[in-house]
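# the sequence isn't on hand, but the structure is:
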């Protein structure tokens, strides 16, 4: 029994260490680490078992992922959109916070409007925006972007 308690304590410490390492990678000056951390977050969040140790830092994570949307490297944008897609699907708080941050919605709209070399990135960004709009609490925050949404809907692309 004592072994089980010690083992569970070790797992919690290793989870915290892993999250700390991911946050370090996201704030690193090495761009390749940003992509790796974003991909890792996107994969970790889809497993409900990982949600308990990611949720406490999810607001820091989503902010950094949104920052990555403005990085000119297409692979960083793709990794960030993919991770945000998974995070916003799993976590309603993230959808509410994303919609309330005008700069976050602006960056997602820019990804949708700009021709990205990987069409899946634009599709996922559009799905994120769609999930933001589907939350009734977000409608007031998103009214500011009404013209942008209408422009995207009426464009040929």
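Cool, the structure landed. These numbers were taken from a predicted model, which means no experiment stands behind them. Numbering: from 1, shown residues only.
# pLDDT weak spots in this protein?
Applying pLDDT under 70 to the chain flags residues 1-15, 156-157.
# how about the backbone phi and psi for the spatially most central residue of it?
Against the mean C-alpha coordinate of the chain, by CA atoms, centre = their mean, the closest residue is residue 84 at 2.1 Å. Dihedral angles of residue 84 (phi, psi; degrees, to the nearest 10) stand at phi -60, psi -40.
# that one and residue 154: what is the separation?
25 Å (CB to CB, to the nearest Å). The way it works is simple: take the backbone N, C-alpha and C, and place the C-beta from them, glycine included.
# sorry, back to before: and for the residue nearest to the centre of the chain, nearest residue in space, chain neighbours not counted?
residue 65 (5.1 Å; CB to CB, 6 or more residues apart in numbering).
# my guess is the one you found contacts residue 87, does it?
Yes - using CB atoms under 8 Å, residue 65 is in contact with residue 87, at 7.3 Å.
# more neighbours: these two, which one.
Using other CB atoms under 10 Å, the more surrounded residue of residue 65 and residue 87 is residue 65, with 29 against 24.
# need the residues that contact the helix or strand the more buried one falls within.
If you go by DSSP states H and E, residue 65 is part of helix 58-68. With CB atoms under 8 Å, 6 or more residues apart in numbering as the test, helix 58-68 has contacts from 22-23, 26-27, 34, 38, 41, 54, 76-77, 79-80, 83-84, 87, 91, 93-94, 97-98, 101, 103-104, 107.
# so of the residues you listed, which ones are in helices?
22-23, 26, 34, 38, 41, 54, 76-77, 79-80, 83-84, 87, 93-94, 97-98, 103-104, 107 (DSSP state H).
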